[in-house]
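Student: Here is a sequence together with a model predicted from it:
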Amino acid sequence: MQIREAQIFNFGKLQDRSFAFAPGINVIYGANEAGKTTLHDFLTAMLFGMEKGRGRAASGGMYARYEPWHAAAYYSGALRFSVEGRPFYLERNFYRKEKKEILRNEADGEELSVAYGDLDVLLGGISAEAFRSTYDIGQSKAAASKELAAILTEYLSDAAESGEAGVRVSKAQAALAARRKELNLDLKNIKEQKNQELHRKMMEKELLERDCRELTHSLADAEREISRLKKIKAEKTDRTKEEEAGHAASAGGKKRRWLAAAGAAAAGFLLNLGMHRVISYAFGLFLASEGLLLLLTVLFFAFFLRTGEAAADKSGESLRGRERAGEAGDENDYAREAVLSAEHMMNGLRDTLAEKEARRCNLSQQIETMQAPGVQERELLRDIQALELASAEITRLARERYEDSVDELNGAVSGWVAGITGGAYDSVTIDDGGGLKILTEGREVPPEALSRGTLEQIYLAFRLAVGDIVTREEAMPVFLDEAFCMYDDGRLRQALTALAGEAEQKQIFIFTCQRREMEALDELGLPYHKVYLT
Amino acid sequence: MKFMHISDVHLGVRPDEGRPWSDQRARDIWDSFAGVIETAKREKPEFLFLSGDLFHAQPLKKQLLEVNSLFGRIPDTNIVLMAGNHDYLRPKSYYLTMEWHKNVYFFRSEELSRFDFAEQNVCVYGMSYWHREIAERRYDSLIPENPQRLNILLAHGGDERHIPFSPAGILENGFDYVAAGHIHKGAQLIPGRAVMAGSLEPTDKNDTGPHGFWMGELKKGGAGLRFYPIKKCEYCHETYPVTGETSERDILDWAERLLTERPDYQYFRLFLKGKRNPNISYDVSRLMQLARVVDVTCALAPDYDYERLLEEHRDSLLGSYIRSMRNRPQDAVTEKALEYGVNALLGHEICR
């Protein structure tokens, strides 16, 4: 990028001023208060905007500093620059309430959009922060190593080497993480839905299991009752024969006994009712098994009483003996039928039990099938795994590339340091924390032991080296604002010589209130463009 | 000897759970089974073979009574059946206490046994599953006792966890016919001699192709038989070849055309395959709302030319990433990871 002209309509103390710049080195010279820093800030504000959190604009309330006292809405300027030989015109109004940008290709008149990132593309994708930490060099801004290290990590790992814009590691990682979060949520929803269904089935299965247990008990009870009944019947038959000549019982006593029997049966029924927690027990099933027990209870008492009655009756008048024999026959039929109907009911219960067993078994299988992850779940899991793998691999590769780049960078920094210090310091390396290790004649020198001037020179070298890497996409201008105050004449010449070597690729802006830079350049015979600020 | 052969009816199954026609499918399967009995009533075959999985799960008494009553409608046909891996026998299974009509012959044991029909000179060998899986090759070494009879093996299995068998070996052992079940896709394993009946109706969306029953005339040395399809439901897997230019509307039009052009007993699983524009993902919910669309699967890779990307980004992280992913052992996860990583590094939307 080459900045050709700055037109300041209204920006701080500068109004309706126009400055032309040349390729190579530009020295902007002016006395104190002449507006050098204003011009410098104008240039960065034009390139990167002047919003909160962006570049120099963010630091130190630049907006307020240069806001026009009168006509606040007229806070603007324009820039002419070229990128890869194509001329562009950029105009901005910084006024907060009427922010406006015009970006135009002056060769073909094509209107571009700053808002949609066209300017970012022209700047090679470099961020305001990255620019501020590298090529935008002010006085005593040496101690930027931590920031530089961070920018380096981000930028180098971003695979900027081949120069394609838009390939950004952190953005990629964020996108992968966001997608992973979405998929995890989907997975969670599916699982929850399935768990609900699973829970329902498990409840159903539990109820069935309980029913089966209850039924098994009921059946066992009923079987015991029936066998008791059969035994009593057998005994009764024996006793009937023995007690043919027993005593008669009164009719009233007979009735009372029947009532007692019915009462006892009802009591038994109610007792059972209490024993089985009716609420949780399928009601129909309950009635079926209770019905059977009730029937059995009644039968038991009936037999018991009838046996007694029969015995008593038999003891009565011998005249009625024959009638009684006939009745006993009826009783036996009745008993047989009762046992049969009880057994019939029991078979019904057994069927119910088997039915429930089958359903329980089918439910178990359904539950088993459901517990294995379904197609959807498996696909989600696979995709989440893939996202994790992608993310891990990108992190690993980025780290690897960063380490490779650091080696390369160490070479570049060392080159700049050697150039600026005239070979006094020949090797500078960057450690993991972004700190500098400075070597001279094979010995490591702690940064604290260096003079302020030397330290500034080394950091300048560091910034330029990082800047070279960061701006590979598009060579950006270097701004040096009173950057050489602490340099002695010798180092100044060396620094200027080193910079001049790069001036063919990038424009260099030296803002100064002294003549020494120009004098040095003249002495060295290095070409430059003068801009006087008055 | 005239016979019919059906298998894997899976009574009680509810295919396509969650789709609007699921209940209808469950009823259709019962109806188709009743339809087979009707056909038998008309055609009067001497035998009806059911080679397992008559039920999808443990049969309930009501279901067995229903089946038995249907069997009672064809008293002149001997029905020979077995329990398969789905309706395998358990000690309390109704299969065991069922009082079958006297034309029904049910293999109760997991040991191979036989029913001998002297009158028809037929002997049917078989067994029932008492387990969900049987991995031994039970059928291969069975030799029929009386070579004079038409010896038939009622078999269920054919995959590695369910009695694998070699139809040719069984026939060599002296069987005249193998009436097999378990694999839902029907086929004559050995023409006229060994038939995998296939399921009477498709019971799962992956049971593609025609389904139905077999009927034929068996003589010593083989059967002349025919397949009779039942056209209540046929699952079809249809693929739309997606390219970078495909729009959502293209896919919708294709699906709608498919539904109008094809017979209405066909149900579709739709697959979108191919390369998509990396910035496009298709919303398939519209397709799912169409009648007779069972589901939609997107197997779309973004339209990346990885060779070109590698060339263009040779020295960048993207290039390293593609190379590194390709050097890994290839599986579904790696394949997806390659796609996602490239998506992310190029700033494209990460579509599934």
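Tutor: Thanks, I have it. Worth saying up front: this structure is predicted, and the values here are computed from it rather than measured.
Student: contacting residues around residue 131?
Tutor: All of this refers to chain A. By Cβ atoms under 8 Å, 6 or more residues apart in numbering or on different chains, the residues touching A:F131 are A:T44, A:L47, A:F48, A:G55, A:V470, A:M476. From N, CA and C alone the C-beta is placed, and that goes for glycine too.
Student: um, chain B though
Tutor: Neighbours of B:H131 in contact, by Cβ under 8 Å, 6+ apart: B:N85, B:Y88, B:E110.
Student: how deep is the closest residue to chain B within the stretch 201-350 of chain A tucked in, by neighbour count?
Tutor: Checking the stretch 201-350 of chain A residue by residue against chain B with Cβ to the nearest Cβ singles out A:R350 as nearest, at 9.0 Å. Here the count is done by other Cβ atoms under 10 Å in any protein chain shown, and A:R350 has 16 residues near it.
Student: now B:R161
Tutor: 11.
Student: Would you mind listing what in the stretch 201-350 of chain B touches chain A?
Tutor: Counting by Cβ under 8 Å from any Cβ of the partner chain, the positions of the stretch 201-350 of chain B adjacent to chain A are B:312-321, B:324-325, B:332-341, B:343-347, B:350.
Student: Helices of the stretch 301-450 of chain A, start to end?
Tutor: A:321-371, A:375-420 (DSSP state H, counting those that start in this stretch).
Student: Break chain B down into its domains, please.
Tutor: Dividing chain B into domains by automatic domain parsing, as the record does, gives the ranges B:2-229, B:234-345.
Student: I'd like the distance from the last one to the chain centre, please.
Tutor: Using Cα atoms, centre = their mean, to the nearest Å, we find the averaged C-alpha position of domain B:234-345 to lie 27 Å away from the chain's own average C-alpha position.
Student: Now do the end-to-end distance for it.
Tutor: End-to-end distance for domain B:234-345: 44 Å, by Cα to Cα, to the nearest Å.
Student: In stretch B:184-195, which of the residues would be classed as buried?
Tutor: By neighbour count, and taking 16 or more other Cβ atoms under 10 Å in any protein chain shown as the criterion, the buried residues in stretch B:184-195 are B:H184, B:G186, B:L189, B:R193, B:A194, B:V195.
Student: Could you do stretch B:246-255 as well?
Tutor: The neighbour-count check on stretch B:246-255 (16+ other Cβ under 10 Å) flags B:T246, B:I251, B:L252, B:W254, B:A255 as buried.
Student: Where is pLDDT lowest across these?
Tutor: Least confident of the buried residues of stretch B:246-255 in the model: B:T246, at 87.
Student: Please name the nearest non-neighbouring residue to that one.
Tutor: Once its chain neighbours are removed from consideration, B:T246 has its nearest residue in B:R276; the separation is 7.0 Å (Cβ to Cβ, 6 or more residues apart in numbering or on different chains).
Student: Spatially central, which residue of chain A would that be?
Tutor: In chain A, the centroid-proximal residue (Cα atoms, centre = their mean) is A:K181; its distance is 3.5 Å.
Student: And the pLDDT at it?
Tutor: Per the predicted model, pLDDT is 93 at A:K181.
Student: Can I take it that it is in a helix?
Tutor: Yes. Under DSSP: H, G, I helix; E, B strand; the rest coil, A:K181 sits within a helix.
Student: Against A:L521, how distant is it?
Tutor: Distance, A:K181 to A:L521, by Cβ to Cβ, to the nearest Å: 57 Å.
Student: Repeat that for A:V470.
Tutor: Here the criterion is Cβ to Cβ. By it, A:V470 lies 27 Å from A:L521.
Student: So for these two, which sits in the more crowded spot?
Tutor: A:V470 (27 against 22).
Student: Give the residue spans of the stretch 301-450 of chain A that score low on pLDDT.
Tutor: Where the stretch 301-450 of chain A drops to pLDDT under 70, the residues are A:301-335, A:431-436, A:447-448.
Student: So which residues on it come close to chain B?
Tutor: Looking at chain B, the residues of the stretch 301-450 of chain A close enough under Cβ under 8 Å from any Cβ are A:351, A:353-355, A:357-359, A:361-362, A:365-366, A:382-383, A:385-387, A:389-391, A:393-394, A:397-398, A:400-401.
Student: hey, where'd the helices end up in the chain?
Tutor: Since no chain was named, I'll use chain A. Along chain A, the segments classed as helices by DSSP state H run A:36-48, A:55-58, A:62-66, A:118-122, A:128-133, A:145-157, A:169-242, A:251-275, A:283-314, A:321-371, A:375-420, A:452-470, A:489-502, A:516-524.
Student: switch to chain B, that's the one I care about
Tutor: So, for chain B - with DSSP H - the helices run B:22-43, B:61-71, B:94-97, B:167-172, B:248-261, B:285-288, B:306-312, B:317-327, B:332-345.
Student: just so I know, which of these lies nearest A:V445?
Tutor: For the helices of chain B, the distance to A:V445 is smallest for helix B:317-327, at 35.0 Å, taking Cβ to Cβ.
Student: Mean confidence (pLDDT) on that closest one, please.
Tutor: The pLDDT scores in helix B:317-327 average 89.
Student: tilt between that helix and helix A:169-242?
Tutor: Going by axes from the mean of the first three to the mean of the last three Cα atoms, to 10 degrees, helix B:317-327 is angled at 40 degrees with respect to helix A:169-242.
Student: looking just at contacts, which helices and strands does helix B:317-327 meet?
Tutor: With contacts defined as 3 or more Cβ pairs under 8 Å, 6 or more residues apart in numbering or on different chains; DSSP states H and E, helix B:317-327 has these neighbours: helix A:375-420, helix B:306-312, helix B:332-345.
Student: Return the most buried member of the ones you listed.
Tutor: Between those, helix B:332-345 has the highest mean count of neighbours, a mean of 23, where neighbours are mean count of other Cβ atoms under 10 Å in any protein chain shown.
Student: For it, give me every contacting residue.
Tutor: Residues from elsewhere that reach helix B:332-345, judged by Cβ under 8 Å, 6+ apart: A:159, A:167-169, A:171-173, A:175-176, A:179, A:382-383, A:385-387, A:389-391, A:393-394, B:278, B:301-302, B:304, B:306, B:309, B:317-318, B:321-322, B:325-326, B:328, B:348-351.
Student: Quick one: closest of the helices and strands packed on helix B:317-327 to B:P202.
Tutor: helix A:375-420 (17.6 Å).
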